[in-house]
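A.B. asks: sequence? don't have it. structure:
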């Protein structure tokens, strides 16, 4: 049978460069995010090696500041965010019964801008020095007077380009979740992971523009001698702190909410039990998202905002503990009375709960402003945010990867290696960061490249370094697992965990290009589980079998991102011709995209049968 | 079931070891866990309260988690489907209300303390007024009432409130004396922050910079020395007295051209750290500790430390503004000896 439109299909590398398929983009995010995670991890190991003994000279003071800046920036923007986008892309359309995201072209553009922003940022290592003013880049240290090289320029422009990708992704997933749910999937029937991604996307929509504005202002200060943050000419350094944290605090909820979603799915599935208190979980997620915008100044208690601001932000911050506590107990009571199976995915999820509680309670401690005068910028804070970001987010990402790996790649990850990975990483994590609470309270400031002997810091720093190495070994175990698994046959079933509850487990692993041959009809929360309990092993279709409309692949997103990359380089070195050329490439692609009529193509029903898909 | 308890038993020595390790709460002159003055005491009180509440929460969660993990583990081949509970209003209300109560218990003293510690002593005639100016990578202390300026070592009487007005001359820093009081950032451009503290016990306390300020952020230490009122008065008088240049005319010339172009001694002026009485300070450059019984790489006698510093300041504190001064070894030695002998008796 003929096609309605000419089908464009690429093979090999070109397929990956032009894909607009959310599943492939998810894998691209996973590879790129994983690569940056390894770089950030290597930087972390170097930091810990430098600190293993007092007055060590493994790296210089300058290099150390570059390492700590790039470790933080890389881990937040180039590892954690993309790994979350990997899970979002791989899972969300499947979970809501959609054939793709709302804007497949934009999805690809989001990936490539992130990727080239990240590459640009990391090129700084080879171009005369990485940024060295911390991931927060506080002015005046990050201003042109005190940071003369191009390091912070790379930070400003690299993050600006990568940030475009995140903003595009957030908008895309908002539109997808609002518009593309399968018939019958009302908001209160959405899986918890979808809910958390929905709220996270909303946070991205409101938080990232603040970062964009801040970075533009800093870029103008640095490149064109503007005075936004220069007090000598009427600027204000505290302004940068506000702008950064108005973005920065929601950012930590952007990171942790998806992890909450993953944990909810994994614990529920492997306890063979419905998520306890689903509606209160949804309510708690929305509330955390809302409160997340009300508390940014708790990063600035020592800035000197005065007692009224400090008191208000103390109380607002403490309030977040309430919805978070609701979530913790709901997870515990999901397991209560369940039938818990300890797969690697569930080990990470169960390990997450107490670990995250420890990070959460130190968060409440930090909320008490007068006590924070002691904790602030000490190793206590370092311990706290690693407990929530590594002990929370990274354990969540691992849980999600083990859980959805079969759906992404058609192969179940090796369980033995998975458990080795978990125990190395989990024990290493607590060894590294638990003692850091005490280091901070005993007077060790953060971001120091060395410490003097005889201050009582030696033993705990040594323990911390040993822990970091264990975490490194855990990560290597995961990499080995990936390689070993990829050599096995692709034999994962639709529902490899056998207790799958949501729509992604109703379709083959990995999912076919069009996801659902027929859009499923959703009859309740835990749609697939509901059908299973009524003795069916498939969803009721909501439409007859028919041609499936697919978007065409496109190379334009890649070229547009390369244009921005060239533009960034040009700006940084004041080569305005180059900068203009880069912009011209990007805008040229936008013109081409606007005037070219591309209606995509259709997959006909008989082709579905050809591929042996049960429709 | 037995196996699991065995694992726990084996973990016990490890846990005990951890507790033992952590029971040392750090040095009394440096640790926020061993407060030496009323401000740090109050902050430590809030810490103890919050740690108690949080330990309670952690224990409850851990206990439930442990119970659930052990009790509800799936047995091999178990195909049964547990009851699909939607939720439980009573339980959900309990774990919403109890945290709120706990937060009120923590919130009330927090607010009280926020306003208490924000009290302004800058107009108090009985308080010692100190203007702190942070520089990359040293601390300047100015006593406007006494008309004294010094660096790196803040000398205070043990019977008065010390009122601090902090600002920076360059990038952001943060003024922190863990055992006496929490920190306050130093902002540029007339944005002056205030704080106060007291140090009723005589002694030396370690201070640190707590905000990333460049390569030598790690080494931007200072000291706070609390002395009795009579000593303090003697110190102030001695700071203001003129100091004689070296008797050797050539050395005096070397000193004037190379050092005193930036530094001040006695009644002189200069933007760099004031050197009056440097021989009796606890350290050189804030972190080369002066002692006759050196144990660590950063320790030595005053003279050794001064020599080490003047020979290559950048090696001691990377990125500092002094830079290397072209002096012969003999000149370095002579200047170090002269400076080491600049002692103040108080």
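C.D. replies: Right, received. Where do you want to start? Since the model is a prediction, treat every value here as computed from it, not as a measurement.

A.B. asks: where exactly do the strands run in chain B?
C.D. replies: For chain B, the strands identified by DSSP state E occupy B:128-135, B:138-143, B:148-151, B:153-157, B:162-168, B:173-177, B:181-186, B:193-197, B:203-209, B:222-227, B:283-284, B:288-290, B:299-300, in order along the chain.

A.B. asks: give me the sheet partners of the first one and which way each runs.
C.D. replies: By that I understand strand B:128-135. Next to strand B:128-135 in the sheet, as set by DSSP bridges, lie strand B:138-143 (antiparallel), strand B:162-168 (parallel).

A.B. asks: which one, of those strands, ends up nearest to residue B:88?
C.D. replies: When those are ranked by distance to residue B:88, counting by CB to CB, first place goes to strand B:162-168 at 52.6 Å. The C-beta positions use only the backbone N, C-alpha and C, and glycine is treated the same way.

A.B. asks: list the buried residues in that closest one.
C.D. replies: When burial is assessed from 16 or more other CB atoms under 10 Å in any protein chain shown, strand B:162-168 yields the following buried residues: B:162, B:163, B:164, B:165, B:166, B:167, B:168.

A.B. asks: turn the residues you listed into a markdown table, including pLDDT.
C.D. replies: Converted to a markdown table, the buried residues of strand B:162-168 look like this (pLDDT from 0 to 100):
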| residue | pLDDT |
| --- | --- |
| B:162 | 97 |
| B:163 | 97 |
| B:164 | 97 |
| B:165 | 97 |
| B:166 | 97 |
| B:167 | 96 |
| B:168 | 96 |
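
A.B. asks: related to what we said a few turns ago, can you redo the strands of chain B as JSON lines with distance to residue A:333?
C.D. replies: Below are the strands of chain B laid out as JSON lines (distance: least, CB to CB, whole Å):
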{"stretch": "strand B:128-135", "distance to residue A:333": "51"}
{"stretch": "strand B:138-143", "distance to residue A:333": "53"}
{"stretch": "strand B:148-151", "distance to residue A:333": "60"}
{"stretch": "strand B:153-157", "distance to residue A:333": "54"}
{"stretch": "strand B:162-168", "distance to residue A:333": "49"}
{"stretch": "strand B:173-177", "distance to residue A:333": "43"}
{"stretch": "strand B:181-186", "distance to residue A:333": "39"}
{"stretch": "strand B:193-197", "distance to residue A:333": "46"}
{"stretch": "strand B:203-209", "distance to residue A:333": "45"}
{"stretch": "strand B:222-227", "distance to residue A:333": "51"}
{"stretch": "strand B:283-284", "distance to residue A:333": "56"}
{"stretch": "strand B:288-290", "distance to residue A:333": "55"}
{"stretch": "strand B:299-300", "distance to residue A:333": "57"}
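
A.B. asks: middle-most residue in chain A, spatially?
C.D. replies: When chain A is reduced to its mean C-alpha position, the nearest residue by CA atoms, centre = their mean turns out to be residue A:81, at 2.4 Å.

A.B. asks: mind checking how far that residue is from residue A:216?
C.D. replies: 20 Å (CB to CB, to the nearest Å).

A.B. asks: same check on residue A:54?
C.D. replies: When residue A:54 is compared with residue A:216 (using CB to CB), they lie 42 Å apart.

A.B. asks: got it, and residue A:186?
C.D. replies: Distance of residue A:186 to residue A:216, computed by CB to CB: 40 Å.

A.B. asks: between these two, which one's more packed in?
C.D. replies: Under the criterion of other CB atoms under 10 Å in any protein chain shown, the comparison of residue A:186 against residue A:216 puts residue A:216 first, with 14 against 10.
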